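A.B. asks: need a 3D model of the sequence below.
(one chain, ligands or ions: 1)
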Amino acid sequence: MNLETPENVVLVGFMGSGKSSIGRLLAKAIGFDFLDTDQLIVERTGKQIPEIFAENGEEFFRDQETCVIRSLIEQNRTVISTGGGAIIRVENREMLRRTGFVVCLTASEDILFERVSRNTKRPLLQCENPRQALSKLFAARAEAYELAAQWTLDTSLLTQHEAAEALIQGVLIHFPWIRSNSNNS
Ligand code: S3P
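C.D. replies: Below you'll find the model as predicted:
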C-alpha cells in the first residue's frame, strides 16, 4: 500500500455521466463510504440546487462547491461524486487531485442529453434550447475534465452495472490493497 495516495475515489464528469449512481455501486462493491458534493451543498445551505441558482446565483453556488471540496481532504476510504462543474476552477481541480484518485466518467453528447432530459432539476439546462446549452458547456469544459482526471471511462455503450464493473476494475488497479483486503476477509 502506498501511504502517499489518499484513499478516496473522486468522480468527475458532465451532468448525466452517472457519477452518483455508478459511484454508489462502486462504494458498495469496495466497502467505501459515499459522498456527493451537491448533497453536501444542499445540507450546508439548507436549499436545493435549483433554489440556490435562482436565489443566490451561480457564483454563490460555485463558492459553496469550493468550500465543500476543501473539506473533502479529511475523507478516507470514500467515493466522492462531484457536480458537473466542480472541475471548472483550477483551485478545485488541484484540491480534488490531493483528495483521491480522480476518475472522469464520460459519454457522448447525445447520450448525456438523453439522460439529463429525464429530469428538470439542472438549472444550467433550464433554457429555451437545452441541447444547444449542453453542447456549449460540453465543449467549454472538455479541457478541464481532461486536466482534472487521472483516468477517463467512457460509459456511452455501457449499462449502469457494466460501467460500475469497469470502474471497480480500474479502481482495483489503482488501489490493489482493496482486493487483497477483501481476499483476506
Ligand atoms: C452542474 C451540475 C450539477 C450541479 C449543478 C451544476 C454543472 O451536478 O452541481 O446543477 O455545472 O454541470 P450533476 O453533474 O450531478 O448534475
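
A.B. asks: show me which helix runs longest in the chain.
C.D. replies: Ranked by number of residues, the top helix in the chain under DSSP state H is helix 130-148.

A.B. asks: same question for it: list its buried residues.
C.D. replies: For helix 130-148, a neighbour-count test (16 or more other C-beta atoms under 10 Å) marks 130, 133-134, 137-138, 141, 144-145, 148 as buried. C-betas here are computed from N, CA, C, even on glycine.

A.B. asks: the ligand: which of those residues is nearest?
C.D. replies: Lowest distance from the ligand to these (C-beta to the nearest ligand atom) belongs to L137, with 6.7 Å.

A.B. asks: look up how far E55 lies from the closest one.
C.D. replies: Applying C-beta to C-beta, to the nearest Å, the value for L137 to E55 is 22 Å.

A.B. asks: what of R24?
C.D. replies: From R24 to E55 the distance is 29 Å (C-beta to C-beta).

A.B. asks: picking that back up, rebuild the buried residues of helix 130-148 as JSON lines, extending it with distance to the ligand and pLDDT.
C.D. replies: Output for the buried residues of helix 130-148, formatted as JSON lines (distance: C-beta to the nearest ligand atom, whole Å; pLDDT from 0 to 100):
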{"residue": "P130", "distance to the ligand": "12", "pLDDT": "94"}
{"residue": "A133", "distance to the ligand": "11", "pLDDT": "96"}
{"residue": "L134", "distance to the ligand": "10", "pLDDT": "97"}
{"residue": "L137", "distance to the ligand": "7", "pLDDT": "97"}
{"residue": "F138", "distance to the ligand": "10", "pLDDT": "97"}
{"residue": "R141", "distance to the ligand": "8", "pLDDT": "98"}
{"residue": "A144", "distance to the ligand": "11", "pLDDT": "98"}
{"residue": "Y145", "distance to the ligand": "11", "pLDDT": "98"}
{"residue": "A148", "distance to the ligand": "13", "pLDDT": "98"}
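
A.B. asks: that older thread, packing partners of the longest helix of the chain?
C.D. replies: If contacts are counted by 3 or more C-beta pairs under 8 Å, 6 or more residues apart in numbering; DSSP states H and E, helix 130-148 sits against strand 8-13, helix 90-99, strand 101-106, helix 109-116.
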